[in-house]
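Enquirer: structure for the following, please:
(3 chains)
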Amino acid sequence: MNDTRPPQLQVRDLKTHFFTEDGVVRAVDGISFVLDKGRTLGLVGESGCGKSVSALSVMGLVSPPGWIVEGEILLDGLDLLEVPESGMRQVRGNRISMIFQEPMTSLNPVFTIGNQIMEAIRVHQKVSRNEARDRAIEMLRKVKIPAPETRVDEFPHQMSGGMRQRVMIAMALACGPEVLIADEPTTALDVTIQAQIMELLAELQSDLKMSILLITHNLGLVAEVSDHIAVMYASKVVEYTGTRELFASPAHPYTHGLLTSVPTLGMPRDRELNVIPGQVPNPLHFPSGCKFHPRCPLAEERCQTEEPLLEEVQPGHWAACHMIEGGSLPLSGVNP
Amino acid sequence: MIPLHDWMPGWGHWRLGQRLKGTVVAGLFALFVLLGLWHARTIWGSLLHTASKLSGAEVVYTSRDLDFLVTSLFVVAMLVLIVLFSGLSCRRRRQAEHLAKVPEGQWSIVWRQFQRNPLAVAGVVIILALYLVAFLCPFIAPYDPIDQGDRVRERLLPPSAQHLLGTDRFARDVFSRVVYGSRISLLVGFLSVGIAVTIGTIVGAMAGFYGGWIESLIMRFVDMMLSFPVLILIITVIALWREQSIWIIITVIGLMSWMGVARLVRAQFLVLKEREFCQAARALGAGNSRLIFRHLLPNSLTPIIISATLRVGNTILLEAALSYLGLGVQPPTASWGNIVYDTKGNLFTEWWMPLSAGLAIVITVVGYNLLGDGLRDALDPRLRE
Amino acid sequence: MHSYIIRRLLIAIPLLLGLLTVNFFLIHAAPGDPTDIFYNPDMDPEARENLRRIYGLDQPLGVQYVRYVRGVLLEFEFGYSIAKKRPVRDEILEALPNTLQLSALALLIELTVGIAIGILAAVRQRSTFDNLTRVTALTFYSMPSFYLGLVLLFLFAGGVSATHWLPASGMIDIVRHESMSGLEKMGDRLVHILLPALTLGLGAAAAISRYMRGELLEVIRQDYIRTAKAKGLSEKVVVFKHGLRNALIPIITIVGLSLPVLFSGTVIVEQVFAWPGMGRVAVDAAFQRDYSMFLAVNLIFGTMVVMGNLVADILYAVVDPRVRLS
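Expert: Numbering: from 1, shown residues only, chains lettered A, B, ... in the order given. I've put the predicted structure just below:
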């Protein structure tokens, strides 16, 4: 955190709600974060906490019955929520790209991978078919697919999951975007492949000077590659700070619980793993007050009625919890 | 003891707050009371006539007399049944209020899903109404459907108060023929599909359960039969075997349309066989028949019921097509298909005949298709749109 | 790809032979025999035996079968129609092209109308258009084809205020046919085929439109559609390029499987519009108890279905690389 950089993507108080038959699902309920230029921000949380919907909101791909109710999404100062759909099409895949969790199903089975990468290039840039094809091969080489000249004409089903995710990355980066949103990019892959893909992403990031919004539930993953981390719980960001800071002194009881629930190499064998009691709340019926209070070991009466705001508890360290005093939790600390 | 007001159709339900149910029950009861009163003399006469026949008197007793007797008994029986239903259903309702809430069974969930779908309910209403018409034919039709009137003066009359849908070229009342035609369509639909589903289930279950060469043999045969246009096959069989009675037609249609069901059941068995509960049953030493009848078949029932319902519509269309070609139900018996066949050549002058018979077919088949779609949506959540 | 087609072809051959065999024995299992048509009580039994010998009916069934199979396979010979007093082959060759024309046009109508309506209904899910087409499709689907035919006849061929916009029956205008130029003859033919083809096609289109709608809605939910949107493609390109191609794959199978229904429909429609095709031949054969004609008609229809399915299989492979390349 020694050098500060200008923000590339700022999300402020974003709310995305789904108006279903059973009621309003507040999938994203007022989240804010900042992604600096050339940096990586990890968005961490359990499944169903609203991470993916946040990403889709940034892409402008939330489809009915979901709507972005309010907020700001600033890409280099440009509010994307003010941009009309035709303008958003210029942004998608060009200035912001996205890769998804399921490489097996995220590619269209009836077109060759070359065709699909070329399509991404030609929708944003006026180039001939041959040029686009050369660029596609170039991109495949960049993501380290062997023999790109022949594989460019293959269909998705002829490739393995790891290969397909590389193709997805090649496709997303084909137009040199400023921001890459990676939604659980390695969850569906084998562990060894996971490492390769993350390494590739880091390499390409420094190469192409882009910012990455990495969405995952895997704390180990974000610890390795992110500069900042935003922790989400029940549709809200509950803590936001630099990676090292977060791991060293987590401010929110939820983050604390998460960190102590992960086994680490070299920790004493007889130490019990912490378990967060209870379950992730149903987004149709969030608890009142602090949404974490039913599962929180520190919860007091106030937590049941009053929802805490995200406040700066230390310089550059934001958290939403009533129980923080002087920047740290009154937990007799197990240090993760 | 069941209180007296519970026995009064509709009143009990209404008191218990089940207003819709109460209204329907009361309405049906009123309908049968009115029918009974309207035809009181016919009913009484029919009973007396039958009684004198049974006591050995030398009276002419035609199949039409039998028809009247059955219908009269049906009306009386319905009156009794509705009263019984009201009383017992109210009692069960009262008891249920005192008991602790039991978790909903599978079928009541299905029923609730089904009720939410207005189109499906419309389908049920259409079909129940049609069955009612089919049972009450003699009381609804003003004339004998095969009775030829005055061939000179009453031939080809346009619709009027005496003949709601006019008369055909044999001076028969078209409205009465359309009413009686419902019997043929519903009978064919019900029985043919019953035959097809029975055969299809047995064959499909054999193929799916035993696998191996039995399966290949059966499925190749099914493939082959499915590549025949069914109508042409049925025409072949009916024409060459000469007999064109309604029973032959029902049997032939049934024998020629089981292949789809067989395919379905086999696919279902193949999937279910690999499921954990079947593996577990087998591990516990369940025999083949136990496996089939306790585990595989009950779990295949849902798709079978759905496809059977949707098939009824097609079967009714098939019979109508055969009768339209003159190869199905033979005159003078009225079927919706042969009513249209009878108008050949006079389409534009006797438009009311094909129009009414055709509409009857469309409504019936729409009813079955709505019911089938509704059942599918209620029974199989995965298929819901 | 080639091996796939060859494999399909190899499956079709035993299927056709099976069709032939089942039909042959089914029809010969029927009571009576083809010479019944000449039957009268005064007939000399010897004369009857003579007839049976002429038509080869005195031979054992096995011999008749081998003879028939050889005739069909080597010489396209289907025997002699006693009722029509001419070779079955001549009758078939006359009727078959008419039925093929009718079915082809009906198939075209089925596909274009069905797919177009299906797409529109899916794109505007739950709109008035969607609900309206749903009800219309249900009605058409539940309507006997003869009834649809009669309704069309009534509307366009003389029912409503005696408007004769389109001819009610036959293939050509018999009165004016001789005096027409080549182009006029084609136009005349087209005008005649329109109503029967519409009757046949619209009924089938109803079902296809619902399948198409369902498949497209299913496909639109897939991950790769999200990927396509994330590339910045317009809604139109996403639906028509990425969605449609995938949604059409199962439609090809459904159309292939529904071919027997289409051909069954020709029997009815040809009757309604007096179209001299295979369906008419079948119904005539039914009334005349024409054994040899039946056998041929069933074989031809069966072959058409098998061929149609072969085409569907090949199309399937063309559209879906997963089939082609495995």
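Enquirer: measure stretch A:42-60 end to end?
Expert: Stretch A:42-60 has its terminal residues 20 Å apart, counting by CA to CA, to the nearest Å.
Enquirer: how far does it sit from its chain's centre?
Expert: Centroid separation for stretch A:42-60 versus its chain: 6 Å, with CA atoms, centre = their mean, to the nearest Å.
Enquirer: could you confirm whether that stretch reaches chain C?
Expert: Yes - using CB under 8 Å from any CB of the partner chain, stretch A:42-60 reaches chain C at A:Met59. Where C-beta positions appear, they are placed from N, C-alpha and C, glycine not excepted.
Enquirer: got the buried residues for that stretch?
Expert: Neighbour counts over stretch A:42-60 (16 or more other CB atoms under 10 Å in any protein chain shown) mark A:42-45, A:48-60 as buried.
Enquirer: among those, name the ones in helices.
Expert: Under the assignment DSSP state H, those contribute A:Lys51, A:Ser52, A:Val53, A:Ser54, A:Ala55, A:Leu56, A:Ser57, A:Val58, A:Met59 to helices.
Enquirer: who touches C:Leu148 in this structure?
Expert: Contacts for C:Leu148 were tallied using CB atoms under 8 Å, 6 or more residues apart in numbering or on different chains; they are C:Phe140, C:Thr199, C:Leu202, C:Gly203.
Enquirer: neighbours around A:Leu258, how many?
Expert: Here the count is done by other CB atoms under 10 Å in any protein chain shown, and A:Leu258 has 22 residues near it.
Enquirer: quick check: longest helix of the chain.
Expert: Here I'm looking at chain A. helix A:191-208.
Enquirer: that answer is for a different chain, and I need it for chain C
Expert: Of all the elements of type helix in chain C, the one with the most residues (DSSP H) is helix C:182-220.
Enquirer: can you list the domains in chain C?
Expert: C:2-87, C:93-288 (automatic domain parsing).
Enquirer: which of those domains has the lowest mean pLDDT?
Expert: Lowest mean pLDDT within these: domain C:2-87, a mean of 82.
Enquirer: which stretches in the chain count as helices?
Expert: Picking chain A for this. Secondary structure of chain A (DSSP H): helices located at A:51-59, A:85-91, A:113-124, A:129-142, A:148-151, A:161-173, A:191-208, A:219-225, A:243-248, A:253-260, A:301-305.
Enquirer: you answered for a different chain; I wanted chain C.
Expert: Per DSSP H, chain C carries helices over the ranges C:2-28, C:45-54, C:61-75, C:88-123, C:128-141, C:145-156, C:182-220, C:223-230, C:235-237, C:244-257, C:259-272, C:278-288, C:291-319, C:321-324.
Enquirer: what sits against the residue nearest to the spatial centre of chain C?
Expert: Most central in chain C under CA atoms, centre = their mean is C:Phe263, positioned 2.9 Å from the mean C-alpha point. Residues near C:Phe263 by CB under 8 Å, 6+ apart: B:Pro229, B:Ile232, C:Ser103, C:Phe301, C:Met304, C:Val305.
Enquirer: one more: B:Gly260?
Expert: Counting by CB under 8 Å, 6+ apart, the residues that B:Gly260 touches are B:Gly200, B:Leu226, B:Ser307, B:Arg311.
Enquirer: please redo it, this time with the cut-off set to 10 Å
Expert: Counting by CB atoms under 10 Å, 6 or more residues apart in numbering or on different chains, B:Gly260 makes contact with B:Ala196, B:Val197, B:Gly200, B:Gly204, B:Val222, B:Met225, B:Leu226, B:Ser307, B:Leu310, B:Arg311, B:Asn314, C:Leu257.
Enquirer: just the CA atoms of the helix or strand where it lies, as CSV, please.
Expert: Following DSSP states H and E, one finds B:Gly260 within helix B:259-273. The C-alpha trace of helix B:259-273 is given here as CSV (Å, rounded to 0.1, in the frame of the first residue of the first chain):
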residue,chain,number,x,y,z
MET,B,259,-44.7,-47.6,-29.3
GLY,B,260,-44.2,-44.1,-27.9
VAL,B,261,-45.2,-45.2,-24.4
ALA,B,262,-42.8,-48.2,-24.7
ARG,B,263,-40.0,-45.8,-25.5
LEU,B,264,-40.9,-43.5,-22.6
VAL,B,265,-41.1,-46.3,-20.0
ARG,B,266,-37.9,-47.9,-21.2
ALA,B,267,-36.0,-44.6,-20.9
GLN,B,268,-37.5,-44.1,-17.5
PHE,B,269,-36.5,-47.5,-16.3
LEU,B,270,-33.0,-47.1,-17.6
VAL,B,271,-32.5,-43.9,-15.5
LEU,B,272,-34.3,-45.2,-12.4
LYS,B,273,-32.4,-48.5,-12.4
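Enquirer: what's the helix or strand following it in contact with?
Expert: On the C-terminal side of helix B:259-273, the closest following helix or strand by DSSP H and E is helix B:276-283. Helix B:276-283 has contacts (CB under 10 Å, 6+ apart) with B:269, B:271-273, B:275, B:286-288, B:290-291, B:294-296, B:299.
Enquirer: now a ChimeraX select for only the buried ones of these.
Expert: Selecting only the buried entries of those in ChimeraX, with 16+ other CB under 10 Å as the criterion:
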select /B:269,272,273,291,295,296,299
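Enquirer: may I see the contacts of helix B:276-283 organised as CSV, with distance to C:Asn309 and pLDDT added?
Expert: Output for the contacts of helix B:276-283, formatted as CSV (distance: CB to CB, whole Å; pLDDT from 0 to 100):
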residue, distance to C:Asn309, pLDDT
B:Phe269, 25, 87
B:Val271, 24, 85
B:Leu272, 28, 85
B:Lys273, 28, 82
B:Arg275, 32, 81
B:Ala286, 39, 76
B:Gly287, 40, 79
B:Asn288, 35, 81
B:Arg290, 39, 82
B:Leu291, 34, 84
B:Arg294, 38, 82
B:His295, 35, 81
B:Leu296, 30, 85
B:Asn299, 31, 83
